[in-house]
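Chemist: got a sequence here, can you build the structure:
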Amino acid sequence: MFLPTGYAVILRFLILNPRLLMSQITQVSNSGQNQIISSLELAQALAEQLAITPNDWHRFKNDRKAQAQQQIASALVFLLRDQPQEALDHLKQAVGWLDRSISALPCPGHGTSTRTKPENL
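Modeler: Model prediction:
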């Protein structure tokens, strides 16, 4: 099976990082609950864990691995919800982070200044 380079990287990432998903399974099994957890619930928990919060944005804005992880987890949620186009959009974003074809947008609070210079005194 042939996969474009970016998708092969994503597949490899998922295969090589099973601990991300296993940590969620362990937390649930340690809680003493005997319920069955659906794939969607696991994917949502993973997406929630990997989401970059507004408070962490500055710390992770240029962290390509963290950005790609967030996008891949979101893609999995959309795929399990039978929304393949949205999943593909997130996978493309993940590929962009990994192949360095995209970068973080500037922080809205740190854009160009609209302040005027003080007049000569």
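
Chemist: output the contacting helices and strands for the longest helix anywhere in the chain.
Modeler: In the chain, with assignment by DSSP state H, the single longest helix is helix 64-80. Helices and strands in packing contact with helix 64-80 are listed as helix 5-16, helix 39-50, helix 84-98; criterion 3 or more Cβ pairs under 8 Å, 6 or more residues apart in numbering; DSSP states H and E. Glycine gets a C-beta too; all of them are placed from N, C-alpha and C.

Chemist: right, and the helix or strand after the second one?
Modeler: Once the chain leaves helix 39-50, the next helix or strand it forms, by DSSP states H and E, is helix 57-60.

Chemist: okay, buried residues for that next one please.
Modeler: Neighbour-count burial for helix 57-60 flags residue 60 (criterion: 16 or more other Cβ atoms under 10 Å).

Chemist: for it, which outside residues touch it?
Modeler: The set of residues that contact helix 57-60 without belonging to it, under Cβ atoms under 8 Å, 6 or more residues apart in numbering, is 52, 66, 67, 107.

Chemist: now rank these by neighbours and give me the top one.
Modeler: Using other Cβ atoms under 10 Å as the neighbour criterion, residue 67 leads the contacts of helix 57-60 with 22 neighbours.

Chemist: show me the contacts for the nearest residue to that residue once chain neighbours are set aside.
Modeler: Setting aside the residues directly before and after it, residue 67 is nearest to residue 97 in space (Cβ to Cβ, 6 or more residues apart in numbering), at 4.4 Å. When contacts are counted by Cβ under 8 Å, 6+ apart, residue 97 touches 64, 67, 68, 71.

Chemist: need these in a markdown table (columns: pLDDT).
Modeler: Formatted as a markdown table, those follow (pLDDT from 0 to 100):
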| residue | pLDDT |
| --- | --- |
| 64 | 96 |
| 67 | 96 |
| 68 | 97 |
| 71 | 97 |
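
Chemist: ok, so of the residues you listed, who is nearest residue 41?
Modeler: Proximity of the contacts of residue 97 to residue 41 (Cβ to Cβ) peaks at residue 71, which lies at 19.7 Å.
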